[in-house]
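Colleague: predicted model and sequence below, questions to follow.
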Amino acid sequence: MKKLLVLFGIIILFVIVGLSGCTNPIDVEKNRFIGTWIGSVTIFSLNQTTENMNITFFSNGTYNEGPRKGGIWEINDGQLFMNHTTLRSVLSYSFSNDDTLLILNSTSIKYVLTKQ
C-alpha cells in the first residue's frame, strides 16, 4: 500500500509540473502587439510628411497596414521586423500607458500608435 501511495504521489507531482508550464518570453512580448493600433506615421525624407495610420497585428504573424499593404511580422532581438513583398522594415519599439501606446522607430519612419 505504501508503494502505491508513493507512486501515486510521484504521478500527481508530474501532472502538477506538466500543467504549470512555462511562459515563453517571446510569446509574451508578441502578445503585446496583437490587435489594432491607430495613430500617425511620420516619414522622414526631403519633405517630412505625417499621415494617419492603422496597423493590425494578428497572432498568426501577419499584419495589415491600412489599406495599402500587409505582410509578415516577428519580434527578434528586441526589434520588430515587418516584411512586405517589396520592403523589410526593422523597427525599434517601446510601449507605455499599460501597453496601450506603441512607438515604432527606424532611421526613416516613426509610428505613434494607440491600441484600440
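Modeller: Thanks, I have it.
Colleague: going forward, measure contacts between C-alpha atoms and count neighbours the same way
Modeller: Will do.
Colleague: ranges for the helices of the protein?
Modeller: Per DSSP state H, the chain carries helices over the ranges 2-20, 25-33.
Colleague: how much space separates residue 15 from residue 8?
Modeller: Counting by C-alpha to C-alpha, to the nearest Å, the gap from residue 15 to residue 8 is 11 Å.
Colleague: now residue 102: how far from residue 51?
Modeller: When residue 102 is compared with residue 51 (using C-alpha to C-alpha), they lie 16 Å apart.
Colleague: so which of those two has more stuff around it?
Modeller: Each of residue 102 and residue 51 has its neighbours counted (other C-alpha atoms under 10 Å); residue 102 has more, 20 against 10.
Colleague: wait, what's in contact with the spatially closest residue to that one that is not a sequence neighbour?
Modeller: In this structure, residue 102 finds its nearest non-sequential neighbour in residue 95, 4.7 Å apart by C-alpha to C-alpha, 6 or more residues apart in numbering. Residues in contact with residue 95 (C-alpha atoms under 8 Å, 6 or more residues apart in numbering) are 101, 102, 103.
Colleague: cool, and residue 39?
Modeller: Here residue 39 is in contact with 52, 53, 54, 111, 112, 113, 114 (C-alpha under 8 Å, 6+ apart).
Colleague: number of nearby residues for the nearest residue to it once chain neighbours are set aside?
Modeller: In this structure, residue 39 finds its nearest non-sequential neighbour in residue 113, 4.3 Å apart by C-alpha to C-alpha, 6+ apart. By the criterion of other C-alpha under 10 Å, residue 113 has 22 neighbours.
Colleague: mind listing the residues bridging to residue 113?
Modeller: residue 39, residue 102 (DSSP bridges).
Colleague: can you tell me how far it is from residue 66?
Modeller: From residue 113 to residue 66 the distance is 13 Å (C-alpha to C-alpha).
Colleague: can you check residue 74 too?
Modeller: Taking C-alpha to C-alpha, one finds residue 74 at 18 Å from residue 66.
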